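J.: quick one, structure for this:
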Amino acid sequence: MSIKLQQRGGTFSIYVPNTVGKGRPVLRATGYANRTTALKVATMVANLRDRGEFELLNAVAEGKTTLFDLYQAQVQNKQQVLKKLLKRVAISPFLEPWLKSCAANGLSDASVSLYRSRMEKLFAPATLAPIVYVDQLTEGTIINLIAALGVSSGTARQYLHELQSLCRFLVAQGVLSHNPAANRDLIRVPKKNKARRRWVRDNVDRAIVEAADPEYQGVFAFLHGTSADRGDVPRLRRRDVNLDQQYVDIDGNNKAATRRRMRVPVEPWALPYLVRACEGLEPEDLVFDGLSLDAISRAHKRATKKAKVKNYWLRDSRHSYAIRAILRGAAIADVSAWLGHSSLATTYETYVHFDGEVKQILVAGSGIREGEGGTPSAPSAPVSARRRRSHANSPVAPQATGRRRSPKEA
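T.: Residues are numbered from 1 along each chain as shown. The predicted structure is shown next:
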């Protein structure tokens, strides 16, 4: 086949021979409007064809590179470098299949969306070169990517965990030889964030809701006025909200059955906002449709700033809800169920470390003496050596009667 130039839309094009499929030639633009330069491109193509070097021509035919880039590589004597680059495997075609596999293993739709946005952010750092190809995923590169995020240690830990999952998928697909993100000898796993001890009264939560953008007021009333997580927002349906009896059912995710919480009371101050959000909806309609998790977080930051509430994170609202319930006299077992904790001990250990009034209520209601290391679900937990010594020095060790005591008696 002779190589012929055709002028199309001000740019010269030629038919590029290839061996892919039926080997039919493919019309491709040279990238040049100058006929002399376009003839040089045509000569290059003819020489590659005559020498049987179809690797680069096939790449042009498949759209992996262009005649313009191919000619520039020849001018700069870098065609061998271009060949190596064309053999590299891009990461992007594997992202959606990986996310689908995560969803098949029980990851919620909201978490899938979060994973996608995090990987997009991780691979396009502001201060480093973007990560495009699989072979760029080395231990050293991963260390630099995590450091460039500029997030808390706990959030960086989550990014690394998700990257490990993606690398495992790439290994299973045969495009990565090993999982560099799982190399504990070179990559130090970031520490978990310290447990937060922040909670507020309901008037503060209401002030944040009032300061929020109108489309987010119902969202924040749901989050601050119940035990819901940010990830519960996209899943809430109208049938889950019982406005008459003032409770919500929170389905949770597919992976953890304990996250399904039934009949979680809505605090009275939050109810009017939910009533407004549910107006005109059918039972199967989503109450808050089309909101991303990142958008919810950003809107909450704006609202807290406008309400002049400092150091109050969206997740802190769960603590606020739980502690207010405890102070109103709710049983710790009910609070644990509303929060979706896996055990009563988790709830006790979380909130016994808050202020003195909460601790006194929990200790009094659990039958555990103040200062002991037990939990409601494990009353026979072994006493530490220090406790044994302190009991031995006491004339008579006090006995737990199991009787519910008031905060003053504790």
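J.: angles on the backbone of residue 91, please.
T.: Taking degrees, to the nearest 10, you get phi -80, psi -40 for the backbone angles of residue 91.
J.: kindly report the same for residue 15.
T.: Residue torsions, per degrees, to the nearest 10, at residue 15 are phi -90, psi 120.
J.: and the pLDDT at it?
T.: Taken from the predicted model, the pLDDT recorded for residue 15 is 89.
J.: the nearest residue to residue 242 once chain neighbours are set aside bridge partners, please.
T.: Among residues not flanking residue 242 along the chain, residue 248 sits closest, at 7.1 Å (CB to CB, 6 or more residues apart in numbering). Yep, even glycine has a C-beta here, placed from its N, CA and C like the rest. Residue 248 forms beta bridges with residue 241, residue 264, as assigned by DSSP bridges.
J.: start the count at 9, not 1, going forward
T.: In the new numbering, first residue 9, that becomes residue 256.
J.: how much space between residue 256 and residue 245?
T.: Applying CB to CB, to the nearest Å, the value for residue 256 to residue 245 is 10 Å.
J.: the more surrounded of these two?
T.: In terms of neighbours (other CB atoms under 10 Å), residue 256 is the more surrounded of residue 256 and residue 245; the figures are 25 against 17.
J.: my guess is the more buried one meets residue 248, correct?
T.: Yes - with contact defined as CB atoms under 8 Å, residue 256 reaches residue 248; the gap is 5.6 Å.
J.: what do those two both touch?
T.: None of the residues lies in contact with both residue 256 and residue 248 under the rule CB atoms under 8 Å, 6 or more residues apart in numbering.
J.: would you map the helices across the stretch 59-208 of the chain?
T.: Per DSSP state H, counting those that start in this stretch, the stretch 59-208 of the chain has helices spanning 62-69, 75-83, 87-94, 100-112, 117-130, 147-156, 161-180. These are given in chain order.
J.: which of these sits most buried?
T.: Of these, the one with the most neighbours on average (mean count of other CB atoms under 10 Å) is helix 62-69, at a mean of 20.
J.: mind listing residues that contact it?
T.: Outside of helix 62-69, the residues that reach it under the criterion CB under 8 Å, 6+ apart are 24-28, 34, 36, 53, 56-57, 73-75, 78, 87, 90-91, 94.
J.: now swap in stretch 120-135 and tell me
T.: Looking at stretch 120-135 with CB under 8 Å, 6+ apart, the contacting residues turn out to be 99, 103, 107, 110-111, 115, 138-140, 153, 156-157, 166-167, 170-171, 174, 239, 300-302.
J.: please redo it, this time with the cut-off set to 7 Å
T.: By CB atoms under 7 Å, 6 or more residues apart in numbering, the residues outside stretch 120-135 that reach it are 99, 103, 107, 110-111, 138-139, 153, 156, 167, 170-171, 174, 300-302.
J.: go on, stretch 81-98?
T.: Taking CB under 7 Å, 6+ apart as the criterion, the residues outside stretch 81-98 that touch it are 52, 63, 64, 67, 72, 73, 78, 140, 141, 142, 143, 183.
J.: thinking again about what came up before, tell me the one of the contacts of stretch 120-135 nearest residue 363?
T.: Each of those was checked against residue 363 using CB to CB; the closest is residue 301, at 30.3 Å.
J.: just give me the neighbour total for that closest one.
T.: Residue 301 is surrounded by 18 other residues when neighbours are defined as other CB under 10 Å.
J.: got the contact list for it?
T.: Applying CB under 7 Å, 6+ apart to residue 301 gives the contacts 118, 121, 122, 238, 239.
J.: where in the stretch 159-308 of the chain is pLDDT low?
T.: Within the stretch 159-308 of the chain, the stretches falling below the threshold (pLDDT under 70) are 260-267.
J.: strands along that one, start to end?
T.: With DSSP state E, counting those that start in this stretch applied, the stretch 159-308 of the chain shows strands at 249-250, 255-258, 269-273, listed in chain order.
J.: so what touches the second one?
T.: I take that to be strand 255-258. Applying CB under 7 Å, 6+ apart, the set of residues contacting strand 255-258 from outside is 234, 236, 240, 248, 249, 269, 270, 271, 272, 273, 274.
J.: check the longest one too.
T.: Judged by CB under 7 Å, 6+ apart, the contacts made with strand 269-273 from elsewhere in the structure are 234, 235, 254, 255, 256, 257, 258, 260, 345, 346, 348.
J.: ok, which pair from those residues is furthest apart?
T.: Farthest-apart pair in the contacts of strand 269-273 is 254 and 260; separation 20.3 Å (CB to CB).
J.: the two: which has the busier surroundings?
T.: The residue with the greater number of neighbours, taking residue 254 and residue 260 and applying other CB under 10 Å, is residue 260; the counts read 19 against 16.
J.: hmm, back to that, what two of the contacts of residue 301 have the greatest distance between them?
T.: Of all pairs drawn from the contacts of residue 301, the widest gap by CB to CB lies between 121 and 238 and measures 11.6 Å.
J.: show me where pLDDT drops low in the stretch 309-418 of the chain?
T.: Across the stretch 309-418 of the chain (using pLDDT under 70), the flagged ranges come out as 373-418.
J.: for it, what spans make up the helices?
T.: In order along the chain, the stretch 309-418 of the chain carries the following helices (DSSP H, counting those that start in this stretch): 324-335, 340-347, 352-359, 364-374, 393-401.
J.: in the longest one, what's buried?
T.: By neighbour count, and taking 16 or more other CB atoms under 10 Å as the criterion, the buried residues in helix 324-335 are 324, 325, 326, 327, 328, 329, 330, 331, 332, 333, 334.
J.: again, but for the second one
T.: The neighbour-count check on helix 340-347 (16+ other CB under 10 Å) flags 340, 343, 344, 345, 346, 347 as buried.
J.: do you know how far the most centrally placed residue in the chain is from residue 304?
T.: Of all residues in the chain, the one closest to the mean position by CA atoms, centre = their mean is residue 122, 3.7 Å from it. From residue 122 over to residue 304 the distance is 11 Å, taken as CB to CB.
J.: over to residue 313?
T.: Residue 313 is 15 Å from residue 304, where distance means CB to CB.
J.: on that earlier part again, closest to residue 15 out of the helices of the stretch 59-208 of the chain?
T.: With CB to CB as the criterion, residue 15 lies closest to helix 75-83 of the helices of the stretch 59-208 of the chain, at 14.6 Å.
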